[in-house]
Every structure is written in structure tokens, then in C-alpha cells.
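Visitor: The following comprises the amino acid sequence and a computationally predicted model.
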Amino acid sequence: MKNSGVQSVLAYHDRSKHRLGRYAPGPGFMDWDNQPDPFLRYKGARTQPFLKVPIDEPAASLPLDAHGLSRLFFDSLALSAWKSYQGKAWPLRVNPSSGNLHPTEGYLISGPVPGLLEQASVCHYSPLEHALEIRAEIPVELWQKISSSTPDGSVFIGLSSIHWREAWKYGERAFRYCQHDVGHAIEAIGTSARALGWRAKLMDGLSTADLVALLGLSGPRTDEENEEPECLLLITPDGAADPGEVLSPETVTAFQKLAWSGIPSPLSAAHESWPAIDEAALASRKERTPELTTESGVGESHPRKIIHQRRSAVDFDGTTAMSQDSFYRILSKVQGPSEVIPWKPEVHLAIFVHRVTGLDPGLYFLIRNPAQASELRESMKPGFHWKKPEGCPSDLEFFQLVAGDARQAAKAISCGQDIAADGCFSLGMIAHFEAPLRERGAWFYRRLFWECGMIGQTMYLEAESAGVRATGIGCFFDDEMHEILGLTGLRYQSLYHFTVGGPVEDARLTTLPGYPDLARG
Ligand SMILES: Cc1cc2nc3c(=O)[nH]c(=O)nc-3n(C[C@H](O)[C@H](O)[C@H](O)COP(=O)(O)O)c2cc1C
């Protein structure tokens, strides 16, 4: 089973590659009549509004109460702006998503919270209203059992993906993009929790079936709009020890018997099926594994203003240069292991430096896990320099591979997109690929993309802090990128690209606040 699952995800990975002259299978046109609704509602479920937290409220530690929980969601999965053009308006969110399609749904599992939840409940998060939809109440004894093994006041946040939202536009490659977005959301929640003085931790041991039960995802819905469970995060107050396994199989089974309310609203009238995505999702489902404890303490805090102003650049000016200090600061923020996930870094960065003052343009490499350094070096072109640039901080595993203008190469592999060449730098996230899948199982395929999305989210925020702007790039030619590095076979694969530079705003668009009622105070 383990091996056939790995073969299936490898087959999906291969067929969803973009190749020069042949993009991965996609719909070929935009079926605007059936554009999926980006906001899922559970019809019939009771709505409990969150109070909206002014963005200028200081990022001080808060208790895990109604106010704190509101801010946790507000600073991670809420709307952050509306854009409008020629009478049409569309919302943007704190967490990014390819094409702004937002396949990721959020859930809260919490005990009673005065002013918010009278009873312990499972709730769906509705970003359009910044509200909870109460899907099920958890009996007192069941919640007592859970809370007796978690630090006082802990809650859980669940994430799921609706593949159809991305497949509608991107076809077979969409499963990858959904996984990037899960990673963005995990890190957005981690960042938001940190700013509150709390900590988010991936409950890595749970199975996919456990998540179906805990989030109540087995209800009636069309196959095409299936909501695939992804993960559960434990949110604990600061200083709490990692409790290990807290949701036993018996506890999970008890969730199956809850009285679930709400019927998922339809998202599109008609659908196109993407069987390759269904197969990849099935093959990468997970069995229960022992709960591992996470490394402590590595994670960045960002001002709330930065979190809410994060945007993807649509264009770069082609002139802005970044200082070495800013550049190395960004690298230092993404180099270490994350406190949210229990595995050691599997993803490294191949960086095309275009405009960083005092650093020669060229191709560089950041090693995020030194244990893989020698394997990486021997997997790549023998002629690479592997030279640490002068002025590079000693704790950064950052090396020049080859000097020279890399703008054309960066643009060419990013499906010809100018944003890969016109910024200060762009990069490919190079994941240790086949070995982790064979060792752990096909389910780790999703996690490799999550790790990439988490790096991306940190980079988005670090770019904003440095006064520049970032954009995630899902459209790139996979094997052409591998060729640039001399990588062959499946030892390492490029899973996500990224670019950072001086943005050019689209002056035609008007920007409005995410929640106009909040702006009016
Ligand atoms: C996984 C992912 C892939 C993306 N790929 C591209 C891309 O190839 N080209 C591009 O211009 N923008 C790309 N974007 C940027 C999105 O279009 C952008 O995030 C989305 O429109 C939402 O806007 P926001 O980031 O300002 O919230 C990507 C974003 C993500 C998260």
C-alpha cells in the first residue's frame, strides 16, 4: 500500500509538471459561468459573529478568550481588503492563494468561551463576515477528556481544501496549489498565534480519517466539491509544554456521533472532473502515526500592520535594489526549522539574485538543512563554485553557484513571467523529494508543499517589512529549473517559486478595507 501510494503521487507529480511547449492538462478556457463561490456556507448552522479587532490594536499577549480568538482568525484567515475596478469588487485575504481562489477552509474546535461559545463546539470559519458557523456541540464529558490532556485554554484549528476551487482555473496542477495554500495558512496561523503570545503546533500524527471525523466532513456534498481534510493545529498558551498525543482514537470516534448541523452550500452549478487530482488526494491520505514533539522556539513575529498590508506584487519596477542587510535578514528568517511542524527542513532555496547592492548577480543556494549539504552538492552541476559571498553572515549556509545576469533564465523558467526577472531576486524551492516519500509514505507529498507555503508566507511578510513586496509563483517549468541546477532523477524537485522586488501598483484599482463596518469604527 505504502509503495503503491508513492507510485501514484509520483505519477501525479510527473503529469502535473509544466514543460516547455506543453503545460500540465488544464481547462483551456475560463468558464466564468461556473466560477466557484470562494465562500462556503453551512446552510442551517447557527452563525456566531466574532467581534472585529481594530488593526491598530497593539500586538500584546492576550488570553485565549473571545477577543483573543477573534484576533487569531482576523490576523490569519480573514479578509484584508476589497479591490474594485469598473464597478466590480473582489475581496483579498490575509493569507495568499494562487489566483485568489482560496481553496482552504478553516475550522475551530474549542471549549466554552464566555461571550462567544456557550458550549464546547466545532465551528466553521466564515471569512466574509468574520464569524463562526456552529456545526456541532461537544458534550461536556468529551471536552473534559480532551482538555485534561491539553494545556489550559487550548483550542484546535482545522484546515481543509476544496480542490475544485483551484482546478476550475488550473486543472491538474491545482492539487499542488491547494497544498501551497495549506502551507501559507499554517504559517499565517502560526504568525498570528505568536503575536498573541501563543503557539501553534501541527498535530502531525492524526490520520485523514481522524480529520474527517473531527471536522465533520462526511456530510452530504457533491463529489466535485468534496472538501479534503488537511490538518489540525493545536493552539496553546505561551510556555505550555508540547502535550504529544491528545486525541486518542476513542476520542476521535466520539466525534462521529455528534449532531452535525449545516448543509454545505453549492459552489458552482456545473463542474469539470479532474480524476488525476482525486487519485493524488486519495494516494496521499494518511494513516495514524505517533505524535512527534516539535522543535521549540523558532518562529517570527510580525507587526499586525504588516500582516494586514501583505499583498502580491503584480508587477515590479525593474530598478529597485535591495540592501544586503535586508536580503540576508529575509534569508535568516526562513533558514531555520519551524516551531509549528515536527520535521527537519526538507526544502532549500535556489536563488536568482538580480539587484542586491554589493552582491554579484548570479545563481545562489541557501541550504536549510546542513545534513543534506553533501547530497545537494553532489546532485548538482560539478562546476558550481559553492563560494560563500563576502559579507554573508556566518550562520547562513548561503553560497554562490555561478555569477552572471540570471534575469532571462529566471523569467524563462517562470513561464515567461516578467515578475521573476524585474525584482531584486527570485527563487525556486528545492525539496528533498523521493527519499522522504519512500521513508514516510505518500502523505508526506502534501507536507513538502506545506513546508514551501510556510517559507512563502514568511517571505511575503519579510518582504513587506523590508519595504518591498513578494509574489508566489506556481507557474514554472519544473524540469527546466532542474536542468539549470544539474539535478536529474527525483532526489530533489522544485516545488514552488517566489519573487521579491520593488512593486508597481495597478493605479486603475481602488482599494477598500476588508470590513467596511470596522473602518467606520
Ligand atoms: C501558490 C501560489 C502561486 C501563485 N502563482 C502565481 C503566478 O504564477 N503568477 C502570478 O503573477 N501570481 C501568482 N500568485 C499570486 C496570486 O495570484 C495572489 O496571491 C492572489 O491573486 C491573491 O492576492 P494577494 O496575494 O495579494 O492576497 C501565486 C500565489 C500563490 C499563493
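Guide: Thanks, I have it.

Visitor: could you measure the closest residue to Pro114 other than its chain neighbours against the ligand, distance?
Guide: Once flanking residues are discounted, Pro114 sits nearest to Ala66: 6.6 Å by C-beta to C-beta, 6 or more residues apart in numbering. C-betas here are computed from N, CA, C, even on glycine. Using C-beta to the nearest ligand atom, to the nearest Å, Ala66 is found at 27 Å from the ligand.

Visitor: tell me the contacts of Ala66?
Guide: Ala66 is in contact with 50-51, 113-116, counting by C-beta atoms under 8 Å, 6 or more residues apart in numbering.

Visitor: now do 7 Å
Guide: Going by C-beta atoms under 7 Å, 6 or more residues apart in numbering, Ala66 touches 113-116.

Visitor: Between the residues you listed, which sits nearest the ligand?
Guide: Ranked by distance to the ligand (C-beta to the nearest ligand atom), the contacts of Ala66 are led by Leu116 at 27.2 Å.

Visitor: That closest one touches Gln48, doesn't it?
Guide: Yes: counting by C-beta atoms under 7 Å, Leu116 does reach Gln48; the two are 6.5 Å apart.

Visitor: Without its sequence neighbours, what residue ends up closest to the residue with the largest distance to the centre of the chain?
Guide: Residue farthest from the centre of the chain, counting by C-alpha atoms, centre = their mean, is Gly383 at 34.7 Å. For Gly383, ignoring the flanking residues on the chain, the nearest one in space by C-beta to C-beta, 6+ apart is Val402 at 7.7 Å.

Visitor: Now the buried members of the contacts of Ala66.
Guide: Buried members of these, scored by 16 or more other C-beta atoms under 10 Å, are 113, 116.

Visitor: and the residue nearest to Gly383, that's in a strand?
Guide: Yes: assessed with DSSP: H, G, I helix; E, B strand; the rest coil, Val402 lies in a strand.

Visitor: Please verify my assumption that it contacts Phe384.
Guide: Yes: contact status for Val402 versus Phe384: in contact at 6.2 Å, counting by C-beta under 7 Å.

Visitor: Phi, psi for the residue nearest to Pro114 please.
Guide: phi -60, psi -40 (degrees, to the nearest 10).

Visitor: and this protein, which residues reach the ligand?
Guide: 92-93, 96-100, 177, 180-181, 184, 311-312, 417, 419, 471-475 (C-beta under 6 Å from any ligand atom).

Visitor: need the contact list for Val6.
Guide: Taking C-beta under 7 Å, 6+ apart as the definition, contacts of Val6 comprise 437-438, 442.

Visitor: would you list these in TSV and tack on neighbour count and pLDDT?
Guide: TSV is the format used below for the contacts of Val6 (neighbours: other C-beta atoms under 10 Å; pLDDT from 0 to 100):
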residue	neighbour count	pLDDT
Leu437	24	98
Arg438	15	97
Ala442	25	98
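
Visitor: so how many other residues sit close to the residue nearest to Gly383?
Guide: If you count neighbours by other C-beta atoms under 10 Å, Val402 ends up with 15.

Visitor: can you pull up the bridge partners for it?
Guide: For Val402, the beta-bridge partners under DSSP bridges are Leu363.

Visitor: Mind pulling up the pLDDT for the residue lying closest to Gln408 once chain neighbours are set aside?
Guide: Excluding its sequence neighbours, the residue lying closest to Gln408 (C-beta to C-beta, 6+ apart) is Ala421, at 6.9 Å. The model reports Ala421 with a pLDDT of 98.

Visitor: Likewise for Ser4?
Guide: Confidence at Ser4, expressed as pLDDT, is 84.

Visitor: Gly68 against Leu196, yeah?
Guide: Yes: the pair Gly68 / Leu196 is scored as a contact, 5.7 Å apart, by C-beta under 7 Å.

Visitor: joint contacts of those two?
Guide: Leu62.

Visitor: re the thing from before, ok, the residue farthest from the centre of the chain to Thr488 distance?
Guide: According to C-beta to C-beta, to the nearest Å, Gly383 and Thr488 sit 15 Å apart.

Visitor: try Asp422
Guide: Using C-beta to C-beta, we find Asp422 at a distance of 30 Å from Thr488.

Visitor: go on, Gly501?
Guide: From Gly501 to Thr488 the distance is 31 Å (C-beta to C-beta).

Visitor: would you say Tyr125 is within a helix?
Guide: No: assessed by three-state DSSP, Tyr125 does not belong to a helix; its assignment is strand.

Visitor: my read: the residue nearest to Gln408 touches Ala409, true?
Guide: No: with contact defined as C-beta under 7 Å, Ala421 does not count as touching Ala409 (8.7 Å).

Visitor: Show me which of the two is the more surrounded one.
Guide: Ala421 (23 against 18).

Visitor: Go through the residues of the stretch 151-300 of the chain and report the one nearest to the ligand.
Guide: For the stretch 151-300 of the chain, C-beta to the nearest ligand atom, closest residue to the ligand: His180, 3.6 Å.

Visitor: With adjacent residues omitted, what lies nearest to that residue?
Guide: Gly453 (4.3 Å).

Visitor: Measure how buried that neighbour is and give me the count.
Guide: Counted with other C-beta under 10 Å, Gly453 comes out at 29.

Visitor: Which secondary structure state is assigned to it?
Guide: Assignment for Gly453 (three-state DSSP): helix.

Visitor: so what's it up against?
Guide: Per C-beta under 7 Å, 6+ apart, neighbours of Gly453: 180-184, 187.

Visitor: Break the protein down into its structural domains.
Guide: 2-265+275-283, 312-501 (automatic domain parsing).

Visitor: Considering these, which stretch scores lowest in mean pLDDT?
Guide: domain 2-265+275-283 - the lowest mean pLDDT of the domains of the chain, at a mean of 94.

Visitor: need the contact list for the residue nearest to Gly383.
Guide: 362-363, 384-385.

Visitor: most neighbours, which of the residues you listed?
Guide: Of all the contacts of Val402, Leu363 has the most neighbours under the rule other C-beta under 10 Å, reaching 23 neighbours.

Visitor: To which secondary structure element type does the closest residue to Arg304 other than its chain neighbours belong?
Guide: Counting by C-beta to C-beta, 6+ apart, Ala59 is the residue found nearest to Arg304 once chain neighbours are left out, at 5.2 Å. Taking three-state DSSP as the rule, one finds Ala59 in the coil state.

Visitor: Distance of Ala59 relative to the ligand?
Guide: 21 Å.

Visitor: so that residue makes contact with Arg194?
Guide: No: under the criterion of C-beta under 7 Å, Ala59 makes no contact with Arg194, lying 9.2 Å away.

Visitor: next one: phi and psi at the residue in the stretch 301-450 of the chain that the ligand sits nearest to?
Guide: Closest residue of the stretch 301-450 of the chain to the ligand, C-beta to the nearest ligand atom: Ser312 (3.3 Å). Here is the backbone geometry of Ser312 (degrees, to the nearest 10): phi -90, psi 130.
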